[in-house]
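Trainee: here's a sequence, model it:
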Amino acid sequence: MLTAVISDIHGNAEALRAVLDDIDRRGAERIICLGDIIGYGPDPLECVDLVRKRCAWSLMGNHDFGVLYEPTNFNPGAESAAFWTREQFDAEPDETLRAQRYEFLGKLRVRVVEPLSGDRTILAVHGSPRRPINEYIFPDDVIETLQLHAEGAERRAQRTLFDGIDWRQVIGQTREAAPGDWVRILHAVLRRKARQEAAHEDVSPVTTANLKKEVERFKHAEERLRDPEGGNYL
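Mentor: Numbering: from 1, shown residues only. So this is what the prediction gives:
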């Protein structure tokens, strides 16, 4: 089933309608929303109504949470927007509609796990798997994770395994890899080096080029995985 994924609407009904029109033209049979339906934008009520009507399900984003409960750890602009948005909900003269909208917000899910083809599943969250509503993930988080794993591998091996890695250049090759994928890519390179060493080949430390080549293998495998007969990475 062709599924469209939307997210971070932030009360912008004009943009949402344009996106929904485009989704319809592309023939998507299903729409899911990853949260932040409201917050900042001028049309929170229309956006909630459209998502209620058009989406199979929606997650709760930190701005949805802030309007429904309290906008904790928001900057002043986001906090003001949350209180203003709540006022728009409360100003709805139709009591039934007002209650339905609040009920919809209250039932937004924190995370969803759905099956894909074969035995694969997908985890959907607004923030991170660890803190699904309000934790941001930045490129530097991935770099820090990779550096920690690289340092750990060198401590265990008691020797240098990596040589001047440009981590930002490596992760800039693809947006498809999740943090866990990057760790697997790192260890895949180390396993290749270990096999070469076991075969008594000359082995040099892992370079940026080695990691970039492994990323290309990962990207190729991801393309194959879209085919149920395509095989698996690693």
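Trainee: so what pLDDT did the spatially most distant residue from the centre of the chain get?
Mentor: Distance from the C-alpha centroid of the chain peaks at His200, with 41.8 Å (CA atoms, centre = their mean). Turning to His200, the model gives it a pLDDT of 89.
Trainee: tell me the secondary structure for it?
Mentor: coil (DSSP: H, G, I helix; E, B strand; the rest coil).
Trainee: going forward, the N-terminal residue is numbered 59.
Mentor: With the count now opening at 59, the last piece we talked about shows up as His258.
Trainee: now do the contacts for it.
Mentor: By CB atoms under 8 Å, 6 or more residues apart in numbering, no residues touch His258. Glycine gets a C-beta too; all of them are placed from N, C-alpha and C.
Trainee: with the one 10 residues further on instead?
Mentor: Listed by CB under 8 Å, 6+ apart, the contact set of Asn268 reads 247, 250-251.
Trainee: mind putting these into TSV with neighbour count?
Mentor: Conversion of the contacts of Asn268 to TSV gives the following (neighbours: other CB atoms under 10 Å):
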residue	neighbour count
Val247	19
Arg250	16
Lys251	17
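Trainee: in helices, which of the residues you listed fall?
Mentor: Among the contacts of Asn268, the members found in helices (DSSP state H) are 247, 250-251.
Trainee: what about the helices in the chain?
Mentor: 71-84, 102-112, 120-126, 134-148, 153-164, 197-215, 225-229, 237-256, 266-283.
Trainee: list of residues touching the fourth one?
Mentor: For helix 134-148, the surrounding residues in contact (CB under 8 Å, 6+ apart) are 69, 96-98, 102-103, 121, 124-125, 129, 132, 156, 159-160.
Trainee: the closest residue in space to Ser116 that isn't next to it in sequence: neighbour count?
Mentor: Nearest residue to Ser116, sequence neighbours excluded (CB to CB, 6 or more residues apart in numbering): Cys91, at 3.8 Å. For Cys91, the number of neighbouring residues by other CB atoms under 10 Å comes to 26.
Trainee: one more: Ile95?
Mentor: Each residue near Ile95 was counted by other CB under 10 Å, and the total is 32.
Trainee: now do the one 3 residues further on
Mentor: Neighbourhood size, Tyr98 [other CB under 10 Å]: 19.
Trainee: phi, psi for it please.
Mentor: Main-chain torsions, Tyr98, degrees, to the nearest 10: phi 80, psi -60.
Trainee: if I pick it, what's in contact with it?
Mentor: 68-70, 121, 135-136, 139.
Trainee: need the contact list for the nearest residue to Pro100 once chain neighbours are set aside.
Mentor: The spatially closest residue to Pro100, leaving aside those adjacent along the chain, is Gly69, at 6.2 Å (CB to CB, 6+ apart). Gly69 makes contact with 95-102, 105, 143, according to CB under 8 Å, 6+ apart.
Trainee: among these, which two are most distant?
Mentor: Greatest spatial distance in these: Ile95 and Pro100, 13.6 Å, computed using CB to CB.
Trainee: circling back: out of the helices of the chain, which is closest to Leu60?
Mentor: helix 71-84 (7.7 Å).
Trainee: that closest one packs against which elements?
Mentor: Here helix 71-84 touches strand 61-64, helix 102-112, going by 3 or more CB pairs under 8 Å, 6 or more residues apart in numbering; DSSP states H and E.
Trainee: so what are the domain limits for the chain?
Mentor: Residue ranges for the domains of the chain, per automatic domain parsing: 61-183, 197-283.
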